[in-house]
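Student: sequence plus the predicted model coming up.
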Amino acid sequence: MERRHHSVATLVADATPQVGQRASLGESAAHHARVRRLAIGDEVRLTDGAGVMARGRIEHLGKRELHVLVDRVESRPRPQAIELLVPVGDRDRMLWLAEKATELAVAVWQPVIYARSRSVTPRGEGESFRGKVRLRMEAALEQSGGVWLPEIRDEISASDAVRHPAPTRIVLDVGGDPLLRTTMATPVVLAFGPEGGFEPEELDAFVDAGWRAAALGDSTLRFETAGTAAVAAVRAALDLTTED
């Protein structure tokens, strides 16, 4: 019987794969392999989420674990760094944004608690939620074939966010200059408000601290839309700078 053809699946490994070693992956990877209808002998890609991409073949596939014999390993350069100051808000919207941030190779996921974050329920914060963010990011990495997972940080206050040091600090504001007219040096840090937006004093604090106010257009966007669009625009701008 002719064997089914599979595109090469990407799986996230807990440890950095090494040539000649058997990588043992857990229940999540085994489930992903079954969903993809993979079988023993199929080739897969493995990444540690820190720039390493390996290839190997499945030697064992059970309900709770997956073993891969690694035969090739390569390291890929880190994309120019974008750090995302994510407003603590609705859980589902934050998880959706976490997927897109991973697909766009965001370097840092930094949640920020703003005044209007407190009125959201259920909101995404705390250690348990950060675990959910990590799982969603790993799934996005597997789907996109990427090799870099964002660094997930603990929540900080709005005042701490304002003091974040970086060469390029951008706060999204519909009244700002067009985002793509902003000169950028990495790392680029992007801040944007939660549901309902910033309180006026919060936005003033960013601007007074030297952050550049930038707009994505004339419309007020949901925070997950604004974050995704801004990261995509900055990533494209940085890639053009690299080519030049």
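Tutor: That came through fine.

Student: please make it C-alpha for all contacts and neighbour counts, starting now.
Tutor: Will do.

Student: what is the neighbour count of the nearest residue to E65 once chain neighbours are set aside?
Tutor: Of all residues beyond its chain neighbours, the one nearest E65 is G26 (4.5 Å), with distances taken as C-alpha to C-alpha, 6 or more residues apart in numbering. Here the number of neighbours of G26 (other C-alpha atoms under 10 Å) works out to 16.

Student: check which helix or strand the most centrally placed residue in the chain maps to.
Tutor: The geometric centre of the chain, computed from its C-alpha atoms, lies nearest to T102 (C-alpha atoms, centre = their mean), at 2.6 Å. Element membership for T102, per DSSP states H and E: helix 91-103.

Student: show me what the helix or strand that comes right after that helix is packed against.
Tutor: The helix or strand immediately downstream of helix 91-103 is strand 108-113, counting by DSSP H and E. Applying 3 or more C-alpha pairs under 8 Å, 6 or more residues apart in numbering; DSSP states H and E, we find strand 108-113 packed against strand 82-87, strand 151-152, strand 156-157, helix 158-162.

Student: next, the buried residues of the helix or strand in which I170 is found.
Tutor: The secondary structure element spanning I170 is strand 168-178 (assigned by DSSP H and E). The neighbour-count check on strand 168-178 (16 or more other C-alpha atoms under 10 Å) flags 168-174, 177-178 as buried.

Student: number of nearby residues for V133?
Tutor: For V133, the count of nearby residues is 23 (other C-alpha under 10 Å).

Student: now swap in V120 and tell me
Tutor: Per other C-alpha under 10 Å, the neighbour tally for V120 reads 15.

Student: from memory it sits against G89, does it?
Tutor: Yes: judged on C-alpha atoms under 8 Å, V120 makes contact with G89 at a distance of 6.0 Å.

Student: could you tell me which residues touch both of those two?
Tutor: E195 (C-alpha atoms under 8 Å, 6 or more residues apart in numbering).

Student: the protein - how does it break down into domains?
Tutor: As recorded under automatic domain parsing, the domains making up the chain are 9-75, 82-243.

Student: separation between E151 and Q80?
Tutor: Distance, E151 to Q80, using C-alpha to C-alpha, to the nearest Å: 14 Å.

Student: how about V73?
Tutor: Counting by C-alpha to C-alpha, the gap between V73 and Q80 amounts to 22 Å.

Student: so S24: helix, strand or coil?
Tutor: Secondary structure assignment for S24 (DSSP: H, G, I helix; E, B strand; the rest coil): strand.

Student: what stretches of the chain score poorly on pLDDT?
Tutor: 1-6, 242-244 (pLDDT under 70).

Student: the residue nearest to the centre of the chain contacts M137, doesn't it?
Tutor: Yes: using C-alpha under 8 Å as the test, T102 is close enough to M137 to be in contact (5.8 Å).

Student: on that earlier part again, ok, the strand holding I170: who's next to it in the sheet?
Tutor: Strand 168-178 pairs in its sheet with strand 188-191 (parallel), strand 212-215 (parallel), by DSSP bridges.

Student: of those, which is nearest V231?
Tutor: With C-alpha to C-alpha as the measure, strand 188-191 is the member of the strands paired with strand 168-178 nearest V231 (7.9 Å).

Student: next SSE after the closest one?
Tutor: Under the assignment DSSP H and E, the closest C-terminal helix or strand after strand 188-191 is helix 200-208.

Student: can you list contacts of the longest helix anywhere in the chain?
Tutor: When every helix of the chain is counted residue by residue (DSSP state H), the longest turns out to be helix 223-243. Contacts made with helix 223-243 from outside it, assessed by C-alpha under 8 Å, 6+ apart, are listed as 80, 82, 84, 86-87, 93-94, 96-97, 100-101, 104, 106, 179-180, 184, 190, 192-195, 216.

Student: one more: stretch 105-125?
Tutor: 79, 81-91, 94, 146, 148-158, 161, 193-199, 231.
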